[in-house]
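Asks: quick one, what's the 3D model for this:
(2 chains)
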Amino acid sequence: MTEYTKPIPDKTPENAPFFEGSLQGKLRLQRSVSTGRYRFPYAPFDPIDLSTDAEWVDVSGRATLWSWTVFHQVYFPSFKGDVPYPVIFVQLEEGPFMVATIPADVRVQDLRIDMPMRVEFEPATEEFALAKFRPVNS
Amino acid sequence: MSKRAGTGVAIVGVGNTNYAALYRDRTPRSAESLGVDALKKALEDAGLSKGDLDGLITARISDYNGFATLIGTPQLRVVNAVEGSGRMAGVAVQHAVALIQSGRASTIALVYGNNGRSAGATYGGDYGVGNVKYDWAYGMTSPGASVALMYQRYRQLYRAPDDALAPIAISNRRNAEVNPEAAMRKPLSREEYINSRYVAEPLRLYDYCMINDGGVAIILTSVDRAKELKSVPVEIMSMGSSSNLTNYYTVTDLFANGSRQAAAQVFGEAGLSPKDMDVVQIYDNFTPIVLFSLESFGFAAEGEGWKWIRDGRIEREGKLPINTSGGHTSEGYMQGWALQVEAVRQLRGDAGERQVKNAEFAQYICVSPIITSQIFRRVEK
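Replies: Next comes the predicted model:
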């Protein structure tokens, strides 16, 4: 396997469950114990009551497509071979928004705003798999 | 109106580098030297000397200490620096107004220096802090792509056609053609616009601000003091501000809620409405932001901005001239600073070939994670 050269988020003791979940094919987010609110990306506080007590929970993986864009410009040398490539912005059923992409076999022209999607994971490194969202029924 | 509208604070000096001349080569320049060039012109414009300044706010020049040393103003009453993001141009002006109103300073210079082009800035890729690395994993980066996400949704919701943004890019360029200091003055046709490459689709090259070098300086003092100076003062009649700060530059209301609050303040304090504006300078880091601004500030109905800008309405001979110096896509990307200078010049009648006739009220609008707006009016001495 060739070396993975694209950027990946920094794994820390605090956000490790997100990484571990990705390897198991699970979208794992923090949920505040006191407010029940889910959050992504990792944050040390719940923004409603500033509490620190959060648990890591596997979420449904269901989302709706808020929008998408297609990159033609090369900003990262490691994406040079990928342009044009799509990036999507989804709202997870549990509330948080997430930047992600679609699996290679899904066509950009089939995307529609507010369409339901479901997460799947594609291995990137030994520590991290990328969440990708596929339109439901495609 | 029983009470006279107005903040009692005026812009008395404006200065900028010649963006066209600077664009011709990539000679490395410092933000500080660009700022000094602009400041000298602003002082000259106001008929002030640097010894008259008792306040200094630098922008995109993080080392205010070094800058004050460079210009020989060691002893000031108020000193600060704001970060080099475009949202700060309105913030700095509003803070200066508040400082003068409260008596903390009497005459404040705002100095902006940007060496983005000669220093190789890209506004995307391996920069930024915090949560952006989650997004980088997908190749997501840059404010432009964040706006592309918002515009993709907008155009789907409101059925805007493929060339919906073209009138903004083309109007900006027409204005730059008659601005001798604008960096990009080559005429732009609809065909060239449509055939230009995508950067982050659906946004094309001409929907993007450019990256260039330049400096801008603005000097403010009280209206009372302004009346004794040689320049024609322009008062900040009213101000509005708000914010929408999240993990993402992409926000799901297209900044509408915050913008409506800011609009209510800026129009309310002045006792004016969008219909009263004669010329408007809109922060156009990317052309869709002009549509979001026009709609949320009440010029156009929600979802109708793309129709509203057609048929020459926003061109300088039109009903509401916008970005008369060429905006960020053609004059230069001075991150809101040059737009405010242009508002002043239009009201003074100093805008040369691009002068809008009988301009009484000019407005600056910046819709971004921090939203600001000011309405300006010439002071009769």
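
Asks: how about the residues of chain A near chain B?
Replies: Chain A has residues A:6-10, A:41, A:66-73, A:75-76, A:79, A:82, A:84-85, A:87, A:89, A:91, A:97-101, A:112-113, A:124, A:128, A:130 near chain B, with proximity defined as Cβ under 8 Å from any Cβ of the partner chain. Yep, even glycine has a C-beta here, placed from its N, CA and C like the rest.

Asks: longest strand in chain A, by number of residues?
Replies: Secondary structure of chain A per DSSP state E: the longest strand is strand A:62-71.

Asks: now do it, average pLDDT.
Replies: Averaged over strand A:62-71, pLDDT sits at 98.

Asks: could I get the CA-only coordinates of that strand as CSV?
Replies: Only the C-alpha atoms of strand A:62-71 are listed here, as CSV (Å, rounded to 0.1, in the frame of the first residue of the first chain):
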residue,chain,number,x,y,z
ARG,A,62,-28.2,9.2,8.6
ALA,A,63,-27.9,12.7,7.2
THR,A,64,-29.4,15.1,4.8
LEU,A,65,-27.4,16.8,2.1
TRP,A,66,-27.3,20.6,2.7
SER,A,67,-25.0,21.4,-0.3
TRP,A,68,-22.0,20.4,-2.3
THR,A,69,-19.2,22.0,-4.3
VAL,A,70,-16.6,20.6,-6.8
PHE,A,71,-13.0,21.6,-6.4
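
Asks: show me what counts as buried in stretch A:85-98.
Replies: Using 16 or more other Cβ atoms under 10 Å in any protein chain shown as the test for burial, stretch A:85-98 gives A:85-92, A:94, A:96-98.

Asks: oh, that last question was meant for stretch B:271-278, not what I typed.
Replies: Using 16+ other Cβ under 10 Å as the test for burial, stretch B:271-278 gives B:272, B:277-278.

Asks: tabulate those residues (JSON lines), appending pLDDT.
Replies: Below are these laid out as JSON lines (pLDDT from 0 to 100):
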{"residue": "B:L272", "pLDDT": "97"}
{"residue": "B:M277", "pLDDT": "98"}
{"residue": "B:D278", "pLDDT": "98"}
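
Asks: let me see the contact set for the nearest residue to B:A164 once chain neighbours are set aside.
Replies: Closest residue to B:A164 apart from its sequence neighbours, by Cβ to Cβ, 6 or more residues apart in numbering or on different chains: B:W306 at 4.1 Å. Applying Cβ atoms under 8 Å, 6 or more residues apart in numbering or on different chains, we find B:W306 in contact with B:155, B:158, B:160-161, B:164-165, B:291.

Asks: now swap in A:N15 and tell me
Replies: Each residue near A:N15 by Cβ under 8 Å, 6+ apart is listed here: A:9, A:41-42.

Asks: please apply the same query to A:V33.
Replies: With Cβ under 8 Å, 6+ apart, A:V33 has these contacts: A:51, A:53-55.

Asks: mind giving me the ChimeraX command for buried ones among those?
Replies: Remark: buried members of the contacts of A:V33, expressed as a ChimeraX selection using 16+ other Cβ under 10 Å:
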select /A:54
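
Asks: chain A: strands as residue ranges?
Replies: In chain A, the strands defined using DSSP E lie at A:28-32, A:38-39, A:54-58, A:62-71, A:85-92, A:97-100, A:116-123, A:129-135.
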